[in-house]
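**Student:** using only what follows, build the 3D model:
(chains A and B)
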There are 2 protein chains.
Amino acid sequence: MGPAAHEVQRQIIDKALKLYVIDASGVALETGMGGRTNTIMQTCFFALSGVLPRDQAIAKIKEAIKKTYGKKGEEIVRKNYEAVDRTLSALHEVKVPDQATGTLKRPPVVSEEAPDFVRRVTAMMMADRGDELPVSLMPADGTFPSGTTRWEKRNIAQSVPVWEPDICIQCGNCGFVCPHSVIRAKFYHESRLENAPETFRSAPVTAYGFPETRYTLQVYVEDCTGCGLCVEVCPAKSLTRSGVKAINMRPKDPIQEPQKANIRFFETIPVNDRARVDFSSVRGAQFLEPLFEFPGACAGCGETPYVRLLSQLFGGRLIVANATGCSSIYGGNLPTTPWTVNAEGNGPAWSNSLFEDNAEFGFGFRLTADQHLALAQRLARELKDSLDPELVDEILAAPQLTESQIRAQRERVAKLKTMLLKRTDDKAKDLLSVVDQLVRRSIWIVGGDGWAYDIGSGGLDHVLASGRDVNALVLDTEVYSNTGGQMSKATPLGAVAKFAAAGKTVAKKDLALQAIAYGNVYVARVAMGANPQQTLLAFREAEAYPGPSLILAYSHCIAHGYNLQHGMHQQDLAVASGYWPLIRYNPALRRSDRNPFVLDSARPRIRFKEYAYNELRFKMLSHTNPRNFERLMGMAQQVVDQKWDIYEEMASRAGSRFHPDASVDLP
Amino acid sequence: MGPAAHEVQRQIIDKALKLYVIDASGVALETGMGGRTNTIMQTCFFALSGVLPRDQAIAKIKEAIKKTYGKKGEEIVRKNYEAVDRTLSALHEVKVPDQATGTLKRPPVVSEEAPDFVRRVTAMMMADRGDELPVSLMPADGTFPSGTTRWEKRNIAQSVPVWEPDICIQCGNCGFVCPHSVIRAKFYHESRLENAPETFRSAPVTAYGFPETRYTLQVYVEDCTGCGLCVEVCPAKSLTRSGVKAINMRPKDPIQEPQKANIRFFETIPVNDRARVDFSSVRGAQFLEPLFEFPGACAGCGETPYVRLLSQLFGGRLIVANATGCSSIYGGNLPTTPWTVNAEGNGPAWSNSLFEDNAEFGFGFRLTADQHLALAQRLARELKDSLDPELVDEILAAPQLTESQIRAQRERVAKLKTMLLKRTDDKAKDLLSVVDQLVRRSIWIVGGDGWAYDIGSGGLDHVLASGRDVNALVLDTEVYSNTGGQMSKATPLGAVAKFAAAGKTVAKKDLALQAIAYGNVYVARVAMGANPQQTLLAFREAEAYPGPSLILAYSHCIAHGYNLQHGMHQQDLAVASGYWPLIRYNPALRRSDRNPFVLDSARPRIRFKEYAYNELRFKMLSHTNPRNFERLMGMAQQVVDQKWDIYEEMASRAGSRFHPDASVDLP
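**Tutor:** Next up is the predicted model:
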């Protein structure tokens, strides 16, 4: 028994437990099971528990494997069998000493640096002792403090990315796709490195006009899930060391402690000034602080990178209405939330509503913000002379499109606030209560395809029809992911799902075309794995567009049935096959007589099947019903071709007629 | 006091009433109020009741008129003032005799020929005596007998159409647009005329190959509402008598009794054999018996002609799921229903569901019909040898596309039924319970725009996405008509409605394009006033298409604010302006490599405003806010132009790629 926490040792001795260990991940890796250890651990249980005679138990397990995985293919069954067989020899008993001799102590549930509420309430719930909390400690209005996932330090990855400054081209791709916001970049004056820990890495920033400026990519190793997406998208390879990129997965244990020190140091470097960052490129966006971090989403999640991007781009003035689904779970998974604030205390406001009314819920945010703004403007006008007339005029007339304009407005409003805080009259108090609304709000309605295509589709349609300035982000996993894999109207033709066990026979609903039919809705279809730059552009255009916007974001998902390390590659193939054309429909282009419809992806270069066959949701049918598989793949290809023709033709349209005689054009 | 019903006279005398009369319709006509007598009758009330001094009352009425109609324009206010002034001189007191001397008797509430239930139950409710009915007389399962409006004989029209056989070209237009199914046509052998009443009219049928065949157009004068739509659409004019068409409005009183005799005679002539009628033309369709007749809809209703057409085309095998709205009120307005049966007792099945679930409700009809059919087929196969093997085989293999094929199937099923009725075994009884399902069912989901565009839109979308064979008919009045004139997503830009008091500023939702986005939904946009032949074609194509279908039917409505006599002309202008392009999108055309999208109307030949300005819903804004009116008309024109460009381009697409290698192409 090597170094063990003292408390654990004592419990084992007190309870007279037997202790067995197995390197389950090692067995899984050796037998081609990837990260899946469920079969191995199940075998351990039956081997040790004596519930059934060992041989009989093993036979039953194999029977169950055949039944459960048979339709996923012979290969998977064989791997599982092998895992079962190897498990027995890898299982070792640990001799338990008579006395607890361990010198390690279990770390506290959360760091002592955590805020009071986190230590007194959150930590108790994290330790499964929430029942012991008195009601009086619960927030009376249901508002929970944000930024609490950072105290979890789940430490679930065995391998984590390690950065190679010499190879890195500082493109920002790795951080852009990271589902857990564990890859952060900063640039800073080299003088800051004076007190850096020994293992802290940096490189000269690869940009002209920034002498003496260093760049660091810091990995938050304790929060990393080890999905490997960052390595997959890294375009920079070592010229000398084969297979080595600018970022590579390495065992975490040896580097954990030095990296913790590096993170602490990294956090002393200020976040880069948003007004100095180039929002328009992935390279620039890496310097925007994520205000959504360390969510409890699956390793390799295809949704969270989009959510993180939202928080980076619009974080300080972002208001999110979140439909029930995965994003509501990892977004507000009591006791912690990944939504957080910046150093100034600004961050997104977030709330979760139902499947069936989330668009309406977010629409309410819009109406409320508009009312608050109108009230703030009226009161500011009324109080103008008793405050600072020039300042108030500036506030009321301020443009708020660029980040520097918004920063300037924030500063003006802060000044106004200071003045208001000194006053005691009712009007001033009223203005104070809504004064923050003078900084432009960004309303986003977020949810999955189960919400947007199905259960909430009527409401979404209604809100898009309103003409009001709301932005809807659909995290399209093409299936009810959180609910258990049921078919939605977003499920593609040919995919297997619950309620479509023999493969779906009707095509995916084209929500983009439906929204485009309104003519005054900004619509984009994005897939960051295929074109992160287009994703970034679409998010920014959607937000800038003063009417309703809809973004359909391809989100790979464990429900698709493959190792999510390849998620971004599958996104690329979805686009390459023409199944997921990247588009942007921007009604604002009509003002300059241009075609509002832009097709951002190239003509299909692979067949639909070449994309689909990598995913079990499609492939499993080739085992269970090969004839139907071929038939459905043929139909799916047909739909892809038909759709592509339509999209290509829409893209080739001339600009729509513009009527200068209409005093107001759409929207 | 002229001839009056004895009972009425006695009541007046017994209650010592004062009696005044006024020819309110005459005053309305003279003062340009059209059919509106509300102002006139209100004036009578105040003039006689003494609630206020007469002069003061008149002043108040005029004040109210100004307030109520002011925004509809000076002209309307002036007409109302004039009506008030003329009322006083047209109001006469009738001297009441001491004794009841009248010889007339009130007719019974319903004819004595009416069925037992109608006489015992329906008639009581019609006479406002429903409270006196014992519960035991109510149908235990809620099923009410159909075909009951025919016993109402509401006699609300003062003028009714009178047919001129010599001028008529027998085109069928008048019957096609009739909202109350009061115009019926039959052709028959001339020998049938032997016992015809003296005033019964007929003409040689205008078709080659039908010697000795006569044609009669019979108007059901007691059921007519006098809307005049039939006269408007009549294309045949007298060469000798100016202003006289083949059908003309004439005072009803002088012809009522002779016409009642004519109707009785007309009903002795058999309905024309559906298998011998040309379904493909309006001319032919006039001979199809309406199984929807005499609804309680408004005079000139724009919805009911479409509903009637449904009943004519598919009546015997039609199943209707009806959303809440006007069509559910006139469709099942207790105690009567306009849905009826043919001479063989076959007719539509109809039920009303909610605003929010009607598509799903109708989808359930489809699933049920499919299950019943499958059960019937299985049982027929199992019982085949003990019945008539040849007959059963024929039934199971029968094509049921044309009307003659369906008639043949009906006859086969009737034979089978006869055999089954003789048997006592359970299986035979089971088959008997579902045997009618062996005749193909036609499922229609019917409702207004409040249902289809708004409250039920999520469900409609879901059902269209199912790929199943259901047909949705949207009676698009572009506003919540029955609910009181609230804006829906179908309300056009620029129209005034509740919740859009200053004119709607966003464009009408393009539900057609949204449905077309599915690729496998049959979609049509029709307006019978613009092209009845296209309407007919769309209804038939939609029904024949084996997947989901959607028909958007332009329905003029009293909520649009003009004399509905011109409803069909307004429909024509809606199409002529390009606002309502007639389209058919038939996915079945892809099989022959053709473009599924067909644009049936010509390029706009008038401006949107020329159509809109005839309707108060648009025009009223020109009084209340002329600047906004001009602005909105400009925007509306812009939307029309943009949409037209899109439609025209879609129509010019080449046929979609067809994949013979896909073993099944999209339905």
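
**Student:** looking at chain A, what residue ends up closest to chain B?
**Tutor:** In chain A, no residue comes nearer to chain B than residue A:458, which is 2.8 Å away by CB to the nearest CB. Using the backbone N, CA and C atoms, a C-beta is placed for each residue, glycine as well.

**Student:** give me the number of residues near the residue nearest to that residue when sequence neighbours are not counted?
**Tutor:** Distance criterion CB to CB, 6 or more residues apart in numbering or on different chains; nearest residue to residue A:458, sequence neighbours excluded, is residue B:458 at 2.8 Å. Residues within reach of residue B:458, counting by other CB atoms under 10 Å in any protein chain shown, total 24.

**Student:** so residue B:458 is in which element?
**Tutor:** Using DSSP states H and E, residue B:458 sits within helix B:457-465.

**Student:** tilt between the following helix or strand past that helix and helix B:457-465?
**Tutor:** Note on helix B:457-465: by DSSP H and E, the next helix or strand toward the C-terminus is strand B:471-476. For strand B:471-476 against helix B:457-465, the angle by axes from the mean of the first three to the mean of the last three CA atoms, to 10 degrees is 140 degrees.

**Student:** which ones are touching the residue lying closest to residue A:346 once chain neighbours are set aside?
**Tutor:** Of all residues not flanking residue A:346 in the chain, residue A:316 sits nearest, at 3.8 Å (CB to CB, 6+ apart). Counting by CB atoms under 8 Å, 6 or more residues apart in numbering or on different chains, residue A:316 makes contact with A:291, A:342, A:344, A:346, A:347, A:348, A:410.

**Student:** and the residue of chain A closest to chain B, how close does it get to residue A:220?
**Tutor:** Applying CB to CB, to the nearest Å, one obtains 41 Å for the distance of residue A:458 from residue A:220.

**Student:** residue A:251 now?
**Tutor:** On the measure of CB to CB, residue A:251 and residue A:220 end up 17 Å apart.

**Student:** cool, and residue A:360?
**Tutor:** Distance of residue A:360 to residue A:220, computed by CB to CB: 37 Å.

**Student:** with residue A:21 instead?
**Tutor:** Applying CB to CB to residue A:21 and residue A:220 gives a distance of 28 Å.

**Student:** who's more crowded, the two?
**Tutor:** Relative neighbour count places residue A:220 above the other of residue A:21 and residue A:220, with 23 against 12, counting by other CB under 10 Å.

**Student:** that one against residue A:267, yeah?
**Tutor:** No: assessed by CB atoms under 8 Å, residue A:220 is found out of contact with residue A:267, at 10.0 Å.

**Student:** start to end distance for stretch A:232-252?
**Tutor:** Chord length of stretch A:232-252, first to last residue, is 18 Å (CA to CA, to the nearest Å).

**Student:** what sits against residue A:600?
**Tutor:** By CB under 8 Å, 6+ apart, the contact set of residue A:600 is A:531, A:534, A:581, A:582, A:583, A:584.

**Student:** over to it: give its phi and psi.
**Tutor:** Note on residue A:600: its backbone torsions stand at phi -90, psi -10 [degrees, to the nearest 10].

**Student:** how far away is it from residue A:591?
**Tutor:** For residue A:600, the distance to residue A:591 - CB to CB - is 20 Å.

**Student:** from what I see, residue A:480 and residue A:490 are in contact.
**Tutor:** No: counting by CB under 8 Å, residue A:480 stays clear of residue A:490, with 9.5 Å between them.

**Student:** quickly list what's touching both of those two.
**Tutor:** Joint contacts of residue A:480 and residue A:490 (CB under 8 Å, 6+ apart) are residue A:449.

**Student:** and those two? Which one has more around it.
**Tutor:** When neighbours are counted by other CB under 10 Å, residue A:480 and residue A:490 differ, and residue A:480 comes out ahead with 26 against 23.

**Student:** residues from the stretch 1-150 of chain A in reach of chain B?
**Tutor:** Residues of the stretch 1-150 of chain A that fall close to chain B, judged by CB under 8 Å from any CB of the partner chain: none.

**Student:** quick one, strands of the stretch 1-150 of chain A?
**Tutor:** For the stretch 1-150 of chain A, the strands defined by DSSP state E, counting those that start in this stretch occupy A:19-21, A:92-94.

**Student:** out of the ones you listed, flag the one nearest residue A:512.
**Tutor:** Closest to residue A:512 of those is strand A:19-21 (CB to CB; 52.1 Å).

**Student:** what strands line up against that closest one, and which way round?
**Tutor:** Strand A:19-21 has its sheet partners listed here by DSSP bridges as strand A:92-94 (antiparallel).

**Student:** can you map out the strands along the stretch 401-550 of chain A?
**Tutor:** Secondary structure of the stretch 401-550 of chain A (DSSP E, counting those that start in this stretch): strands at A:442-448, A:471-476, A:522-526, A:549-554.

**Student:** format those strands as JSON lines; extra columns: distance to residue A:186, mean pLDDT and mean neighbour count.
**Tutor:** Listed next are the strands of the stretch 401-550 of chain A as JSON lines, based on distance: least, CB to CB, whole Å; pLDDT from 0 to 100; neighbours: other CB atoms under 10 Å in any protein chain shown:
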{"stretch": "strand A:442-448", "distance to residue A:186": "24", "mean pLDDT": "98", "mean neighbour count": "28"}
{"stretch": "strand A:471-476", "distance to residue A:186": "27", "mean pLDDT": "98", "mean neighbour count": "28"}
{"stretch": "strand A:522-526", "distance to residue A:186": "26", "mean pLDDT": "98", "mean neighbour count": "28"}
{"stretch": "strand A:549-554", "distance to residue A:186": "27", "mean pLDDT": "98", "mean neighbour count": "27"}
